[in-house]
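**Q** Pasting the sequence and the predicted model now:
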Amino acid sequence: MRVKKVTKAVFPVAGQGTRFLPATKSIPKEIMTLVDRPLIQYAIDEARAAGIKEFIFVTSRGKSALEDYFDHSPELESTLKRQGKTELLEVLRDTNMDSGAIAYVRQNRPMGLGHAVWCARRLIGNEPFAVLLPDDVIASDKACLQQMIEAYSQTGGNMVAAMEVPPEKASSYGVLDIGEDMGSIVQAKGMVEKPKPEDAPSNLAVIGRYILTPEVLTNLNRMKQGAGGEIQLTDAIAEEIKTNNNVYGFRFRGQRYDCGSKAGFLQATVAFGLERPDLRDEFSTYLIDMMAQQKAAQ
């Protein structure tokens, strides 16, 4: 099967990040740092590794710091060069994006993920595209989106990243109703957004990575409100199951961290900190000592 190459990606970053107030009063949540890199940098690096060439940000009021982050900083670069800090200079240059590689569109009303993706429709055009939610940070040997694109080359259609979750947590996710289970790839015969635990068709939950066809945008054009009174991307994808039977779930290889929650953000900070050779020894010693003190105090 020959499928069209995926070169565009949408990053919905219009949310206000209220769960992280007061920090997000002055900075976008996506700029908050996981060790020493902003959440959005992890998503961008993943997209780059998967061969994405065009990056579409769906933003909102108050996100100018996010736009500035990917711009060149001549003064800082000049200072680092003058001081001979070549390693830091390379780190800084890795955050820069070429002129024209990034486009920004505004979502002027918080109407849900489906609406955010729909806002980018004119930039997407009639091509398959990826969607990455920066809140979901995935640690893996091979980038999650790269794994998906390789699987997508076999299936075509629409593909969502999926992982098993405890049944009691299914109500926090979109959940797949599984048709054929082929191992890492499953064919979906339905999708349900945030079902009650007793109504969940499986425990295979959709997380924030998608490869979608332009037909999903056509479905979003109808602007039907779903769960929570919002326009749900899950509903538009589910419509493709009904009409074209071309939606697949992909069990990715890696560890997903929900950095949209405080607990998930802290877990990711510990995990990524322990992976860093320059931090591992000192950080792990501190954690061991802290746990020992807590146990002694009990």
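**A** Nice, I can see it. Numbering: from 1, shown residues only.
**Q** To what extent is the nearest residue to residue 23 once chain neighbours are set aside buried, counted in neighbours?
**A** Distances taken as Cβ to Cβ, 6 or more residues apart in numbering place residue 32 nearest to residue 23, at 6.6 Å, with adjacent residues excluded. Every C-beta, even on glycine, is put in place using the N, C-alpha and C of the backbone. When neighbours are counted by other Cβ atoms under 10 Å, residue 32 registers 17.
**Q** Quick one, grab the pLDDT at residue 32.
**A** Looking at residue 32, its pLDDT is 91.
**Q** And for residue 227?
**A** 54.
**Q** Paired strands for the helix or strand that residue 211 is a member of, with orientation please.
**A** Assigned by DSSP states H and E, residue 211 belongs to strand 204-212. Partners of strand 204-212 in the sheet, by DSSP bridges, are strand 129-132 (antiparallel), strand 158-164 (antiparallel), strand 174-181 (antiparallel).
**Q** Turn these into JSON lines, including mean pLDDT and mean neighbour count.
**A** Output for these, formatted as JSON lines (pLDDT from 0 to 100; neighbours: other Cβ atoms under 10 Å):
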{"stretch": "strand 129-132", "mean pLDDT": "98", "mean neighbour count": "26"}
{"stretch": "strand 158-164", "mean pLDDT": "95", "mean neighbour count": "22"}
{"stretch": "strand 174-181", "mean pLDDT": "88", "mean neighbour count": "19"}
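**Q** can I get those in a markdown table with distance to residue 270?
**A** A markdown table is the format used below for those (distance: least, Cβ to Cβ, whole Å):
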| stretch | distance to residue 270 |
| --- | --- |
| strand 129-132 | 23 |
| strand 158-164 | 20 |
| strand 174-181 | 28 |
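**Q** List just the one of the ones you listed that sits closest to residue 272.
**A** Ranking these by distance to residue 272, with Cβ to Cβ as the measure, places strand 129-132 first at 17.7 Å.
**Q** right, and the helix or strand after the closest one?
**A** Using DSSP H and E, the helix or strand that directly follows strand 129-132 along the chain is strand 136-139.
**Q** List the buried residues in that next one.
**A** Of all the residues in strand 136-139, those buried under the rule 16 or more other Cβ atoms under 10 Å are 136-138.
**Q** For it, C-alpha coordinates in CSV please.
**A** Extracted C-alpha coordinates of strand 136-139, given in CSV (Å, rounded to 0.1, in the frame of the first residue of the first chain):
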residue,chain,number,x,y,z
ASP,A,136,1.7,14.0,26.8
VAL,A,137,5.5,13.5,27.0
ILE,A,138,6.6,10.1,25.8
ALA,A,139,10.0,8.6,26.7
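**Q** pLDDT of it, averaged?
**A** Here the average pLDDT along strand 136-139 is 96.
**Q** same thing with stretch 270-284?
**A** 94.
**Q** And the strands paired with strand 204-212: which comes nearest residue 283?
**A** strand 158-164 (26.8 Å).
**Q** what's in contact with the closest one?
**A** 144, 148, 151-152, 174, 176, 186, 188, 203-213, 216, 237, 240, 246-252, 256 (Cβ atoms under 8 Å, 6 or more residues apart in numbering).
**Q** give me that answer again for 7 Å
**A** With Cβ atoms under 7 Å, 6 or more residues apart in numbering as the test, strand 158-164 has contacts from 144, 148, 151-152, 176, 203-207, 209-213, 216, 237, 240, 246-252, 256.
**Q** Same check on stretch 40-48?
**A** Contacting residues not belonging to stretch 40-48 are listed as 9, 11, 13, 30-31, 34, 55, 66, 95, 130, 132, 134, 137, 143-145 [Cβ under 7 Å, 6+ apart].
**Q** Would you mind measuring from residue 124 to residue 274?
**A** 38 Å (Cβ to Cβ, to the nearest Å).
**Q** Check residue 240 too.
**A** In terms of Cβ to Cβ, residue 240 sits 40 Å off from residue 274.
**Q** which of those two has more neighbours?
**A** residue 240 (21 against 13).
**Q** what about that one, helix or strand, and which?
**A** Here residue 240 is assigned to helix 233-244, by DSSP H and E.
**Q** contacts for the very next helix or strand once past that helix?
**A** Sequence-wise, the next helix or strand downstream of helix 233-244 (DSSP H and E) is strand 247-251. Residues outside strand 247-251 that contact it (Cβ under 7 Å, 6+ apart): 148, 151, 155, 157-163, 176, 184-188, 204, 237, 240-241.
**Q** could you point out which element follows strand 247-251?
**A** Heading C-terminal from strand 247-251 (DSSP H and E), you reach strand 255-258.
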